[in-house]
Structures are given as C-alpha cells and as structure tokens.
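**Student:** Sequence and computational prediction follow.
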Amino acid sequence: MSLPESTLQPRDGALRQFAQNVILAWGWPRRAIAFLGGATGALAMAPFSFAPAMIAPLALAVWLIDGSVDRGPSEATRWASLRAAFGAGWWWGFGYFAAGLWWLGSAFLVEADKFAWALPLGVLGLPAVLAFFPALGFALARLLWRPDAWRVLALAVGLGASEWLRCVAFTGFPWNEIGMALGQNLALAQIASIVGLHGLTLAAIAIFAAPATLGTESEARRRWAPTLFAALALAAIYGFGALRLDAPASAATPGVKLRVMQPNIAQGQDFVPDNGLAIVRRYLALSDRATSPATSGVADVTHLIWPESAFPFILSREGQALSEIAEFLRGGAILVTGAARMEEGNRADGRLHFFNAIEVLDRRGLLPERYDKRHLVPFGEYMPFSWAFERVGVTQFIHFPGGFDAGTGSSLIHIPGLPSARALICYEAIFPNELGKAFEVETDPPRWLLNVTDDAWFGLTPGPYQHFAEARLRAIELGLPLVRAANTGISAVADGLGRILVEAPLGTEAVLDSPLPRALAPTWQYRWGSATAGSIGVAFLILCLAARRRR
C-alpha cells in the first residue's frame, strides 16, 4: 500500500513518508521495526509509567498490519496476508515482552550455581512464547481490517482478545497487559471500577492507536477525527477519575491499628534454615520499632502483617520460633504472616504436602484460620510436565519435594478483630478474572485485600514496581482497601480508590503504621466482573463488521 505523492504536504509529509516506509517494509527491516516498536511500549509500564509511550507501538501496529494487505483475491494470497500479520505481531510482542520482562532474569541469579544456565529461557524464552498472543491478535485484527479509520477498532478487538486470552490460557500470565498503560495513572485508572483491566486494555489500544491515521489518511476530516475522538475519550476518562478522587479520605475501621513490616532480606545466603531464629528475632525487633515519637513499639498495635514466606523453615515445626513469637504477642496483638505449611498425606499418596500459606498467630500460638495459595507460579512453585523436565535436571526455584500444592476452599481469610479479607499471595494479585463477580456468592464478602509477597527474587528492577501497580489496580477495580506486605518492597496501605496512605520504598527496611480504611460501596466491576469489558469488545466488533459490510 503506497501513498500518492500528491498527498504528501510539507506540514505532514515526514510523518506520512515514515508511515509509508513502515507499510512497505519487508523482511528483516519489517521485523526490526516491529520489535523496536513493541519494546517502546515498556516505557508505559512501571516504573517509567509514561502512558504516551504506547502511541508509537500501537500506531506502528496499525501500519504493520496495513503492510500485510491482500495483493489479490486468491485463497493463497489471503493466507499469505494473515501470515504476514501474524509474523509482525510475533516480533512486536517479542519486543514488548523482552523489554518489559527482562528483570525476570534476576531470579535465575539468586542461586546462580543451579539456575544461571537457564537465564536465557527467562529473559528470551518466555517473551518468545508470550509473543504468540499478540501474533494471534494481529491476525484476528487483519480478518476485520479495512483501509480506513475503523481499522483502529479492529486492532482493539484483535489485540484486546489476545490480551484476555493471555490472562486465562495455560494458567494465565496477564503481567503488563496493555491496559496498564492507563492503570499506572491514578486518575485514569479509576474507570477500572466500571470496566476492569480488560476494559482499560480495549480503551488504551483504541486511544493510543488512533494517531496512526495522521500518517495515512489524505482527507483532513478522516485524518484528524480518530485522534480527536481519542483525545475526548481520554479527557472523559480523566475527568471521571478526577471527580472520583475528589471524595474525602476513607473512614477507618474502628479499633484497628495495622503495622506492616518490610524486613528487606535478600533471597541469598542470609535466607537459609541455619539463620532461621536470627531472622525471626530480626522480625520481632523490627516489628517493635516505634514509627514516630507518638508511638511506643508494638504496644498499641492490634495487627502485625509480615510478608510472604517469611521464614526459611516450616513455622509449625519450629517450637522455639513459635514460643518467641507468642511471647512477643503477649500484649494482645495478632500476627498475620506468610509461611510455608506442611501436611502429611493420606494413606493413598503417602507423601508430604506443602503449601505457600498465610498463617495467623496470637499469644497462644498458631490459630486454625489460614489461607493456602491457590494460583501457583509455574516453574517457581511447581513444575509442569515434571516427568519431562526432571530428566534434563530442571527443577522449580522453591525447594520442596514435589513443589507446593495448590490450596482449595474459600479465598477468604477471617482474622480475629478484622473484617473478612480476600487473601492474595504474590502474583495472585495480577489476575482480575479471579476477583470480582465471584464475591457475590460469599455469605461474608471481603472488605479488604491482603497481599503478601516476596519480590526479593527480582532485586531493584522494574518488576516489583510493576507488581505493586497491578495490586493497586485490584483495589481500584473492587473498591476494597489494599494492605500489602512485601519482603523487599513495595509495601503499602491504600484505600479503595488506590490512594496511598503509607508506603515503604523498594529495597529498604521499614515498618508502616496505618488504620484499615473502610471498603467503598461495591463497584460495577465488583458486581459484574469482566462482563462490561466483554460488552465493549462486542460493540467494537459489531462496529467493525458493520463498516466492512457497508464497504
């Protein structure tokens, strides 16, 4: 597809010439453009959070699909067109995920003697696999394509559907979904209370891809209309968010004072069983630290929150540690902490079962209330297809025989003195599809989100910032306050609008004192889950099909 020379005006000629060069590119230049364009999108994610950076990759996506148009009516030509779109989408996705997820390689260096050889699998292998999702999105968009402004919605349908598929397929991995380009900004993110992350994704694609028409359309009205509509939509989303954020500070839950402890212990030689008691004593000393001249240690704290997998041992099997913790809690505080848990198997399997859990303790010791992590991390907490990987010496990062078992039962945890909480361990907080509508069947719905995590695996990289942004968006979607305890950060307490009450920076030792904000009224996303986003996607699809039929 080439642009007539007569349409290249001096004021817009450079952009139009660049668009034409992208459209006509082929071979390795086309792949390089797609890769670099996708990689630019990582700048829209935390910690950079520069949302306009998503304009370049999505405008390039439009032009790359333009370059895969049919060259004739034959079936072979149509398949060639789809293959061209699929290939461009794969390279685009490979760049996006390689630039956005490179920090995963840090986990392979924690025990470098065992896992450093697999570093390329994390840094390049996972992005190469994830790239098949945008490849499918490009191909689906190509099926709906037509050479006018409606192709922006076609891209939103195709790429939005592939992002939803990435959230649910093969246990799901919706990290850095495109909608997070809007979800990083507190005002823009408020619309997620209605449309959720998937709705944000559809909006982000349509808005940030709209300027592509500035480089391809010759008629002024058709050239500028999509960008103006996108700007108005963005302004409306921002205005909605600003009005929502104008609400007064959330009321506090009476009689509750939380203390979140961030110990900042690296996942290296310090975090080993031999240092177990020393680690517990460090936690206790840090938890007893006054956070201001007005506080006096743990005496006035009702609930302590410690992070995921806080101990390098099975807590229930360490009597000395339990005794010292119980003595520390003699004043009446309740401890909520991440901990590995073990159960003996039944006679049928005859093995030990390990769980990544949240345990609750008071001065009497462990309480029966607990939560076992349900959505485990592949290769981190369990080994899929272990029978094949074990033959080549590949094991999961967490060293328990057979890995962790997934928890069953309710996702709620009932902590004495607190409202019911939805427990989220580590990356369970990134799955919007597993929250929301399901709460309606609970007789005692959650009033806050408890997220404990250990991001020490990823060091001082963008990973922990991205993880925190995902967790905060869950609070906004559901209108539920978030209490987050992270080993190395970022720990925080936020209200149901995502406003931060207290926060501990990444890579620091800290304690945070905070009230527990009250939950907001149930949001639309809370009540209906992803139904609203699905309705928006169907509306976009109908508009695309209607436009094709008119043509």
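**Tutor:** Arrived safely.
**Student:** So, low pLDDT: which residues of the stretch 1-150 of the chain?
**Tutor:** 1-12, 70-76, 107, 109-118 (pLDDT under 70).
**Student:** then stretch 458-473 to CSV, C-alphas only?
**Tutor:** Presented in CSV, the C-alpha positions along stretch 458-473 are these (Å, rounded to 0.1, in the frame of the first residue of the first chain):
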residue,chain,number,x,y,z
PHE,A,458,13.9,-9.6,41.3
GLY,A,459,16.1,-7.2,43.1
LEU,A,460,16.0,-3.4,42.4
THR,A,461,14.4,-3.8,39.0
PRO,A,462,11.1,-2.7,37.4
GLY,A,463,9.5,-6.0,38.4
PRO,A,464,8.5,-5.0,42.0
TYR,A,465,7.1,-1.6,40.8
GLN,A,466,5.0,-3.4,38.1
HIS,A,467,3.8,-5.9,40.7
PHE,A,468,2.7,-3.2,43.1
ALA,A,469,0.9,-1.3,40.3
GLU,A,470,-1.1,-4.5,39.4
ALA,A,471,-2.1,-5.0,43.1
ARG,A,472,-3.2,-1.4,43.5
LEU,A,473,-5.4,-1.6,40.4
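**Student:** And it, what's buried?
**Tutor:** By neighbour count on 16 or more other Cβ atoms under 10 Å, the buried set for stretch 458-473 is 458-459, 461-473. In short, each C-beta sits where N, CA and C put it, glycine included.
**Student:** So of those, which two are at opposite extremes in space?
**Tutor:** Checked with Cβ to Cβ, the buried residues of stretch 458-473 reach their widest spread between G459 and L473, with 23.2 Å between them.
**Student:** quick check, nearest of the buried residues of stretch 458-473 to G183?
**Tutor:** Among the buried residues of stretch 458-473, and counting by Cβ to Cβ, the member closest to G183 is L473, at 4.7 Å.
**Student:** before we move on, back to that, if you look at the buried residues of stretch 458-473, which of them are in helices?
**Tutor:** Under the assignment DSSP state H, those contribute P462, G463, P464, Y465, Q466, H467, F468, A469, E470, A471, R472, L473 to helices.
**Student:** Pretty sure the last one sits against G183.
**Tutor:** Right, L473. Yes. When contacts are counted by Cβ atoms under 8 Å, L473 is listed as touching G183 (4.7 Å).
**Student:** tell me, what's touching these two both at once?
**Tutor:** A189, A192, L197 (Cβ atoms under 8 Å, 6 or more residues apart in numbering).
**Student:** which among the residues you listed end up buried?
**Tutor:** Buried among the shared contacts of L473 and G183 (16+ other Cβ under 10 Å): A189, A192, L197.
**Student:** And the helices in the stretch 51-200 of the chain, which stretches?
**Tutor:** For the stretch 51-200 of the chain, the helices defined by DSSP state H, counting those that start in this stretch cover 55-66, 75-101, 112-115, 119-120, 126-130, 132-143, 151-168, 180-183, 186-189, 192-209.
**Student:** Also the stretch 351-500 of the chain?
**Tutor:** 386-389, 462-478.
**Student:** How is this structure divided into domains?
**Tutor:** 5-246+530-550, 258-519 (automatic domain parsing).
**Student:** Just send the ones you listed back as a markdown table, with distance to A252 too.
**Tutor:** Formatted as a markdown table, these follow (distance: least, Cβ to Cβ, whole Å):
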| stretch | distance to A252 |
| --- | --- |
| domain 5-246+530-550 | 19 |
| domain 258-519 | 4 |
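**Student:** ok, of these, where does mean pLDDT dip lowest?
**Tutor:** Sorting these by mean pLDDT places domain 258-519 lowest, at a mean of 85.
**Student:** Off-centre distance for that one?
**Tutor:** Centroid separation between domain 258-519 and its chain, computed with Cα atoms, centre = their mean, to the nearest Å, is 17 Å.
**Student:** what about that domain, start to end distance?
**Tutor:** 16 Å (Cα to Cα, to the nearest Å).
**Student:** Then stretch 520-528?
**Tutor:** 16 Å.
**Student:** Number the chain from 59, please
**Tutor:** Happy to do that; since the first residue is 59 now, the last one works out to stretch 578-586.
**Student:** in it, what counts as buried?
**Tutor:** Under the neighbour-count criterion of 16+ other Cβ under 10 Å, stretch 578-586 has L578, P580, T581, W582, Q583, Y584, W586 buried.
**Student:** hang on, the earlier thing: put together CSV for the helices of the stretch 409-558 of the chain, with distance to W208 on each row.
**Tutor:** As requested, those are arranged in CSV below (distance: least, Cβ to Cβ, whole Å):
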stretch, distance to W208
helix 444-447, 46
helix 520-536, 30
